[in-house]
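Undergrad: Got a predicted structure plus its sequence, pasted below:
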Amino acid sequence: MSVTASSPIAAVTDETESGQPGGLSPSYWPFVVPALVVVVATILLPWAFTLWMSVSEWKIGEGHHFVGLANFAHMLADRRFGESIERTLAYTVLSVVAPLVFGTAAALLFNRNLPFRGLLRGIFVMPMMATPVAIALVWTMMFHPQLGVLNYLLSLIGIEPQDWVYSPDTVIPSLVLVETWQWTPLVMLIVLGGLASLPRDPYESAEIDGANAWQKFRYLTLPMITPFLLVAVTIRMIDALKSFDIIYAITQGGPGTASETTNLYLYSVAFSYSDLGYGSAIAVVFFALIILLSMLLLQLRRSSARLAGGSK
């Protein structure tokens, strides 16, 4: 039986061979274009505009002038900018290390068969659900030198009252305390996921060899959860570097400029001093710093994964 080009069998054959009715080649542009438009509109265009402003002198209410790299050169002599970078790095390191230590300890604890383990986990992660402004208001009251509950608790164990966020010497550690309280649960969840994926065979062999709890953690658990720890470090580092809301709501960068991180300084330059050009240059340098540190951590994670794979 012959099959004509107009017959139903021929149409089915064309559709099977081409993947489209009538032998038309597939086109994915209708699905790709909306995503490209969103990316360009929300990411690429704002960053292109920021780069353009960073090479310009532009203050609100005044004209726009192209100045090239003058804004970036000004940063080298800007002592306040240099100090903000130092405070940002110190704040970031402390805000990464403290949640990493306490989060790992919490994960090891909650990985055991504890009574009401599910309920305790739920309570432990509640700080992550609170809004930053609400957290800032509560901790501001707790930090109060005379009326705050923290100094009251210290007095119960014979420690003198502290100035907390009201002293240049203790403001950064006090803010790190808030950051640690809020984000230790995130590290706990990441590490807990890693612990749940670990094989049992190495631990059984270690127990037969007489290894104690510390030795099993040091030589088995820690190396195997290192990739998960690096993921937690990367997430916490990026979040701590760009931290703004908690710091601004509690201290506004004070006392003086003792807690003025780069984000707060950028905000002051752009919106308090109305210098959009210099503020944009700071944003570009700060973004480059975040990208650089993130790439270093990702490279470290790849190296640790290769070492772990090679040791198997």
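TA: Great, that's in hand.
Undergrad: mind listing the strands for this structure?
TA: Residue ranges of the strands in the chain, as given by DSSP state E, are 56-58, 64-66.
Undergrad: My guess is Thr234 contacts Arg301. True?
TA: Yes: look at Thr234 against Arg301 with C-beta atoms under 8 Å: they come within range, at 7.3 Å. Heads up, the C-betas are built off the backbone N, CA and C, glycines and all.
Undergrad: tell me the most buried of the strands of the chain?
TA: Mean neighbour counts were taken over the strands of the chain using mean count of other C-beta atoms under 10 Å, and the top value, a mean of 20, falls to strand 56-58.
Undergrad: Quick check: pLDDT value at Ile172.
TA: If you check Ile172, the pLDDT there is 95.
Undergrad: who's in contact with it?
TA: Arg87, Ala90, Tyr91, Leu94, Ala258, Ser259 (C-beta atoms under 8 Å, 6 or more residues apart in numbering).
Undergrad: Roughly how far does the closest residue to the fourth one other than its chain neighbours sit from Phe143?
TA: Ranked by C-beta to C-beta, 6 or more residues apart in numbering and with sequence neighbours excluded, the top spatial neighbour of Leu94 is Val176, at 4.3 Å. In this structure, Val176 and Phe143 are 13 Å apart, going by C-beta to C-beta, to the nearest Å.
Undergrad: Ala90 now?
TA: Applying C-beta to C-beta to Ala90 and Phe143 gives a distance of 19 Å.
Undergrad: So for the two, which residue has more residues nearby?
TA: Phe143 (25 against 14; other C-beta atoms under 10 Å).
Undergrad: out of the contacts of Ile172, which are buried?
TA: Among the contacts of Ile172, those buried by neighbour count (16 or more other C-beta atoms under 10 Å) are Arg87, Tyr91, Leu94, Ala258, Ser259.
Undergrad: can I assume the third one is in contact with Pro173?
TA: Yes: between Leu94 and Pro173 there is a contact under C-beta under 8 Å: 7.0 Å.
Undergrad: Tell me the spatial nearest neighbour of Thr140, not counting adjacent residues.
TA: Ile250 (5.4 Å).
Undergrad: Tell me where the longest helix sits in the protein.
TA: Scanning the chain for the helix with the most residues, using DSSP state H, yields helix 276-310.
Undergrad: helices or strands up against it?
TA: helix 45-54, strand 56-58, helix 70-77, helix 222-241, helix 262-267 (3 or more C-beta pairs under 8 Å, 6 or more residues apart in numbering; DSSP states H and E).
Undergrad: ok, now with 10 Å
TA: helix 45-54, strand 56-58, strand 64-66, helix 70-77, helix 79-110, helix 222-241, helix 262-267 (3 or more C-beta pairs under 10 Å, 6 or more residues apart in numbering; DSSP states H and E).
Undergrad: Between helix 222-241 and it, find me the angle.
TA: 170 degrees (axes from the mean of the first three to the mean of the last three C-alpha atoms, to 10 degrees).
Undergrad: Spit out the contact partners of the closest residue to Met224 other than its chain neighbours.
TA: Excluding its sequence neighbours, the residue lying closest to Met224 (C-beta to C-beta, 6+ apart) is Leu198, at 5.5 Å. By C-beta atoms under 10 Å, 6 or more residues apart in numbering, Leu198 lies in contact with Asn111, Leu220, Thr221, Met224, Ile225.
Undergrad: mind giving me the domain ranges of this structure?
TA: The chain breaks down by automatic domain parsing into domains covering 8-54, 71-310.
Undergrad: can you redo those domains as CSV with distance to Glu62?
TA: Below are the domains of the chain laid out as CSV (distance: least, C-beta to C-beta, whole Å):
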stretch, distance to Glu62
domain 8-54, 13
domain 71-310, 9
